[in-house]
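>>> coordinates only, sequence not included:
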Ligand code: SF4
Ligand code: SF4
Ligand code: FES
C-alpha cells in the first residue's frame, strides 16, 4: 500500500506553515497515520516526494491504543486520533492530509499546546470536596464521563470555542458532568457548568459524533443541563 501524506508543517509557533509531501509504503493493511509518522521519523534516509531530505516531524503520542488522546490532529479535514486513523480507509486518490489541531497554539508541526484546555479544568475545580456518592441511576453517566481522553477533538469542531475564552466546550463539560453525577452536593460543579458551558453552548450538538472515545455526549449534557437550571442542585449557595 502506498500513500502520499500531505503534512502541514511549521518550525515554531510564529512561522509560516507549508506542506511537506511524503510517500509512505507499507504492507501493513492496518497502518495508521501514527504508524506512518513513526516510520518516517525513524528513517534516517527520509526524503520528501521531490527527493529532498527533511527533519523529523514533530507530533505527540503515548499509548498508540486510542487511550491517551495525545495524538489528536486534523486528518482529511476532520479531528481524529492519528493512532486510530487507518490509511486504507482515509486515502483519497492515494493521498491523506495531516494538519495540527487549529484551536490550540502550535508548538511545531503537528504538536500543539493543549494548556488552555487543562487550565479550564483547573478553573472549574473538578475535584470532590465532599464525600462522593454516585447515585445508582448516575453510575452509567459517571462511567461514561470518565472515558474522556482530553484529546480536544470536540473543541476543534465547536464554533463557540476558542482557546482562552470563557466558554470551555465539551472537553470541560464532560468531566464536569462526571462530578455532577458523583458529588453529594453538585452545586459548585453545576455553577461552573452553567457559566462556562451551558450559557455559551449553541446546543447544535455538532460535537456529538466527533468524539473518538464514542462518549454519549447527549446523555451527559442532558443530565448536566438539568443540574444547571434546576434550583435544587444549587442549594443554599445560589
Ligand atoms: S453543542 Fe455546539 S456549541 Fe455546544 S459544545 Fe457542541 S459544538 Fe460547541
Ligand atoms: S469528549 Fe471526546 S472528543 Fe471531547 S475531549 Fe473528551 S474524548 Fe476528546
Ligand atoms: S497515542 Fe494515545 S490516543 Fe493515540
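Received the coordinates, thanks. Bear in mind that the values here come from a model prediction, so they are computed numbers and not experimental data. Ligands and ions are numbered 1, 2, ... in the order given.

>>> domains of the protein?
2-112, 115-237 (automatic domain parsing).

>>> what does the protein put close to ligand 3?
Contact residues (CB under 6 Å from any ligand atom) of the chain with ligand 3: 61-64, 66-71, 81, 83. (Glycine included, C-beta is placed from N, CA and C.)

>>> regarding the closest residue to residue 194 other than its chain neighbours, what is its secondary structure?
Once flanking residues are discounted, residue 194 sits nearest to residue 228: 4.0 Å by CB to CB, 6 or more residues apart in numbering. Look at residue 228: counting by DSSP: H, G, I helix; E, B strand; the rest coil, its state is helix.

>>> can you get me a residue count around residue 228?
Residues contacting residue 228 under the criterion other CB atoms under 10 Å number 23.

>>> ok, residue 210 next?
18.

>>> quick check: it vs residue 97, distance?
Distance of residue 210 to residue 97, given as CB to CB, to the nearest Å: 17 Å.

>>> repeat that for residue 140.
Taking CB to CB, one finds residue 140 at 37 Å from residue 97.

>>> low pLDDT regions in the protein?
231-238 (pLDDT under 70).

>>> residues from it in reach of ligand 1?
Residues of the chain lying near ligand 1 (CB under 6 Å from any ligand atom): 158, 160, 169-170, 201-207.

>>> show me what stretch 217-232 is in contact with.
The contact list for stretch 217-232, computed with CB atoms under 8 Å, 6 or more residues apart in numbering, reads 138, 141, 144-145, 154, 170, 173-174, 176-177, 180-181, 186, 189-190, 193-194, 197-198, 201, 205, 207-208, 211, 233, 238.

>>> of these, buried ones?
With burial judged by 16 or more other CB atoms under 10 Å, the buried subset of the contacts of stretch 217-232 is 138, 141, 144-145, 154, 170, 173-174, 176-177, 180-181, 186, 189-190, 193-194, 197-198, 201, 207, 211, 233.

>>> now, which of those lie within helices?
Among those, the ones falling in helices (DSSP state H) are 141, 144-145, 154, 170, 173-174, 176-177, 180-181, 189-190, 193.

>>> which one among these gets closest to ligand 3?
residue 154 (14.5 Å; CB to the nearest ligand atom).

>>> distance to ligand 2, secondary structure and neighbour count added to the residues of the chain next to ligand 3, as TSV?
Output for the residues of the chain next to ligand 3, formatted as TSV (distance: CB to the nearest ligand atom, whole Å; DSSP: H, G, I helix; E, B strand; the rest coil; neighbours: other CB atoms under 10 Å):
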residue	distance to ligand 2	secondary structure	neighbour count
61	15	coil	16
62	14	coil	11
63	13	coil	13
64	16	coil	17
66	10	coil	17
67	10	coil	13
68	10	coil	17
69	6	coil	20
70	11	coil	19
71	12	coil	26
81	9	strand	27
83	14	helix	24
